[in-house]
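J.: After the sequence you'll find the predicted model.
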Amino acid sequence: NELYRAAEAWIAEHQGRNLFVYLHAVDPHAPYDPPPPFDAVLTPTLALPPRPIGWFCGTAEDPVDPAEDFERQKRFTPYTAIYNASGQPAASLPLHWTADGLPVGVMLVGRPAGEAALLALCAQLESAAPWADRHPPIWHR
């Protein structure tokens with residue numbers, strides 16, 4: 001349809017901008033939720049700890065049905081899809097570690113077109129809880 005083609009053209013022309021900015025530019029009076037009264041939302045990055053190899057799709061000898069593979073993906077990453085689709089800025093930060101030394105991420109989601117504030121918040125958190133030199137035990141094998 002015409003709106004889809006216009007959106008596609010605008011996105012191609014304005015790399016780096018997100019869909020919320022486009023929709024507001026097309027129709028500033030269109031009903032969409034205004035920015036929330038806070039700068040970021042905190043969620044888990046994943047719903048489960050890291051899964052073993054083969055958990056999603058199985059192995060060549062014992063494949064997982066594609067529908068089950070998709071269900072497992074949805075159970076594993078229920079928080080990230082909406083932000084991947086909308087273009088809203090989000091970042092995953094490794095702020096916790098399991099007893100086995102594996103990183104556990106938290107996700108911060110910024111306001112639409114709020115990349116600068118989100119990155120500043122991420123930098124503050126990294127400064128307060130540095131993780132650059134932390135690696136899971138498997139890293140050193």
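T.: Here it is on my side, so go on. Numbering: from 1, shown residues only.

J.: And the helices in the chain, which stretches?
T.: With DSSP state H applied, the chain shows helices at 2-13, 19-26, 66-76, 81-86, 115-128, listed in chain order.

J.: ok, for residue 82, nearest residue in space, not its chain neighbours?
T.: Among residues not flanking residue 82 along the chain, residue 88 sits closest, at 7.8 Å (C-beta to C-beta, 6 or more residues apart in numbering). To be clear about C-beta, it is placed using only N, CA and C from the backbone, and glycine gets the same treatment.

J.: Any idea how many residues pack against that neighbour?
T.: Using other C-beta atoms under 10 Å, residue 88 has 20 other residues around it.

J.: Pop out the phi and psi values for it.
T.: Here is the backbone geometry of residue 88 (degrees, to the nearest 10): phi -70, psi 140.

J.: Then residue 79?
T.: Dihedral angles (degrees, to the nearest 10) for residue 79: phi -90, psi -20.

J.: isn't it right up against residue 47?
T.: Yes. Applying C-beta atoms under 8 Å, one finds residue 79 in contact with residue 47, separated by 7.1 Å.

J.: Just want to know which of those two has more residues nearby.
T.: Set side by side, residue 79 and residue 47 show more neighbours around residue 79, with 18 against 13, by other C-beta under 10 Å.

J.: Run through the residues that contact that one.
T.: The neighbourhood of residue 79, defined by C-beta atoms under 8 Å, 6 or more residues apart in numbering, consists of 43-47, 107.

J.: With residue 102 instead?
T.: Counting by C-beta under 8 Å, 6+ apart, residue 102 touches 49-50, 136.
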